[in-house]
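> predicted model follows, preceded by the sequence.
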Amino acid sequence: MMAILLTLFTPLPVSGSDQKKVTDKHYALIFGTVYDPDGHPLYGVKVKIRRSTEKKAKWELYSDHQGEFAQRVPAGKSDYIVWADLKDYKLPSSKHLKPGTEVTVHIDQEERSDIGLHLIW
């Protein structure tokens with residue numbers, strides 16, 4: 001009976017596919033805030049992120065009530081382009097915003113990069 005219990009609780013070696021799951025937990029974080037031209041954070045702005053080597057956005061997300069957004073990206077050396085998509089965005093004041101400049105983010109490894117997206121009139 002004791003031999004059966006020891007066999008049941010003996011740890012098994014980790015297979016190759018299980019090791020991949022463990023390494024998938026390594027990531028970098030792009031954290032940012034969207035600001036209007038007066039420096040106030042903006043809620044509900046669509047933010048797009050793509051690798052600098054690609055043409056289309058790989059990630060799309062929205063700024064929260066503090067104007068903030070955060071996106072996990074793979075760890076390792078890479079450059080990312082971040083911009084605001086204002087296609088369907090309307091301010092209550094009916095003023096028209098423009099996206100401003102795209103921001104390039106360089107990631108080297110597992111790290112956090114903080115940026116600001118500053119919109120213009």
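All right, it came through fine.
> pLDDT weak spots in this structure?
For the chain, the stretches flagged by pLDDT under 70 are 1-24.
> and the residue nearest the centre of it, what does it touch?
Nearest to the mean C-alpha position of the chain, by Cα atoms, centre = their mean, lies Q71 at 1.4 Å. Shown in contact with Q71 (Cβ atoms under 8 Å, 6 or more residues apart in numbering): 29-30, 47, 49, 59, 61. Quick note: C-beta positions are derived from backbone N, CA and C, even for glycine.
> okay, and which of those map to strands?
Per DSSP state E, strands hold the following members of the contacts of Q71: 29-30, 47, 49, 59, 61.
> of the residues you listed, closest to Q109?
Closest approach to Q109 among the ones in strands among the contacts of Q71 (Cβ to Cβ): L29, at 11.7 Å.
> give me the spatial nearest neighbour of that closest one, chain neighbours excluded.
Counting by Cβ to Cβ, 6 or more residues apart in numbering, the nearest residue to L29 once its immediate chain neighbours are dropped is R112, at 4.4 Å.
> in the contacts of Q71, find the pair that's most separated.
L29 and V47 (13.7 Å).
> quick one, which of the two is more surrounded?
For L29 versus V47, the count of surrounding residues by other Cβ atoms under 10 Å is larger for V47: 22 against 15.
> roughly how far apart are that one and G67?
Remark: distance between V47 and G67 (Cβ to Cβ, to the nearest Å) = 10 Å.
> quick check: neighbours shared by the two?
Listed contacts common to V47 and G67 are V34; contacts here mean Cβ under 8 Å, 6+ apart.
> and S113, what does it touch?
Contacts of S113 (Cβ under 8 Å, 6+ apart): 28-31, 105-107.
> so which of these comes closest to K77?
Nearest to K77 among the contacts of S113, with distances taken as Cβ to Cβ, is I107, at 6.9 Å.
> ranking by neighbours, what's the top pick from the contacts of S113?
I30 (23 neighbours).
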